[in-house]
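[1] sequence first, then the predicted structure:
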Amino acid sequence: MSAPSQNEFIELGAISEAQGLRGQVKVRPHATDPVALLSSKLVWLSLLPRKDAGALSSPGQPTLTQYAVKSAKMHSGNVVLALEGISDRDQALALKGARVLVTRDAFPKEEKDTYYWVDLIGCQAKNQQGESLGHVLDVSENGAHGVIAVGDLATKKIQYLVPFVKEVVLDVDLQSKSITLDWQLDWQ
């Protein structure tokens with residue numbers, strides 16, 4: 001099976017350390033609730049060649065390797081993965097720094113009126129009057145709720161930080177990549 005193209009991947013975290021002696025790896029997830037990482041049966045690891053790998057490695061070019069996930073569990077805010085073919089601590093340590101990627105279709109089906117943040121990025125944001133506010137550039141968590149950063153796609157300049165709550169987010173249409181907000185152009 002050939003690797004999916006680079007733009008089909010979504011990065012879910014990075015390997016920070018080996019866990020134990022049996023080849024498990026500790027992943028620092030990017031999400032506070034890493035449901036996709038915990039439920040994925042296959043992951044791809046993107047790893048830059050080590051400086052001590054010798055003259056045969058091409059500098060700066062990451063390698064992509066697919067692994068079957070034997071088990072995944074939460075432990076102290078990290079995800080601990082057991083990967084097929086990684087059976088000792090030295091093999092696990094060699095993966096330190098690798099980015100953990102999955103394809104979008106590996107994500108569990110979202111529930112009604114819930115969204116994966118990655119799907120909101122790039123959506124056109126408009127208010128109830130139909131005025132364009134910009135595009136969703138980023139989504140973050142502030143503890144109480146999500147916050148979407150809306151701004152200019154070309155310059156990546158953020159114009160609005162909008163709480164992602166039902167009182168403000170009136171409609172999300174992922175098919176047309178648009179979000180309708182109870183928000184005004186002059187609100188900062």
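    Thanks, I have the structure now. Just so we're clear, the structure is a prediction, and the values are computed from it rather than from any experiment. Numbering: from 1, shown residues only.

[2] and stretch 23-38, how far from the chain's centre?
    10 Å (C-alpha atoms, centre = their mean, to the nearest Å).

[3] can you give me the neighbour number for the residue lying closest to Ile121 once chain neighbours are set aside?
    Nearest residue to Ile121, sequence neighbours excluded (C-beta to C-beta, 6 or more residues apart in numbering): Val136, at 5.6 Å. For every residue, glycine as well, the C-beta is placed using N, CA and C. Residues near Val136, counting by other C-beta atoms under 10 Å, number 25.

[4] now for the helix or strand containing Gln91, which elements pack on it?
    Here Gln91 sits within helix 89-93, counting by DSSP states H and E. Judged by 3 or more C-beta pairs under 8 Å, 6 or more residues apart in numbering; DSSP states H and E, helix 89-93 is in contact with strand 9-19.

[5] ok, and what's touching the strand it packs on?
    24-31, 34, 36-37, 40, 43-46, 75, 78-80, 89, 92-93, 95-104, 107, 118 (C-beta atoms under 8 Å, 6 or more residues apart in numbering).

[6] list only buried entries from these.
    The neighbour count (16 or more other C-beta atoms under 10 Å) marks 24-27, 29-30, 34, 36-37, 40, 43-46, 78-80, 89, 92, 95, 98-103, 107, 118 as buried among those.

[7] which of these fall in helices?
    If you go by DSSP state H, the buried ones among the contacts of strand 9-19 have 36-37, 89, 92, 118 in helices.

[8] tell me which two of these sit farthest apart.
    Arg89 and Val118 (32.3 Å; C-beta to C-beta).

[9] beyond the worst-scoring helix or strand of the chain on mean pLDDT, next helix or strand please.
    Within the chain, confidence by mean pLDDT, DSSP states H and E is lowest for helix 117-120 among all helices and strands, at a mean of 86. Elements were assigned by DSSP H and E; along the chain past helix 117-120, the next helix or strand is strand 124-127.

[10] contact partners of that next one?
    Residues outside strand 124-127 that contact it (C-beta under 8 Å, 6+ apart): 132-136, 148, 150, 160, 162, 177-185.

[11] got a quick PyMOL command for the buried subset of the residues you listed?
    Per 16+ other C-beta under 10 Å, the buried members of the contacts of strand 124-127 correspond to this PyMOL selection:
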select buried, resi 133+134+135+136+148+150+160+162+178+179+180+181+183
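
[12] narrow the contacts of strand 124-127 to those in helices?
    Among the contacts of strand 124-127, no residue falls in helices (DSSP H).
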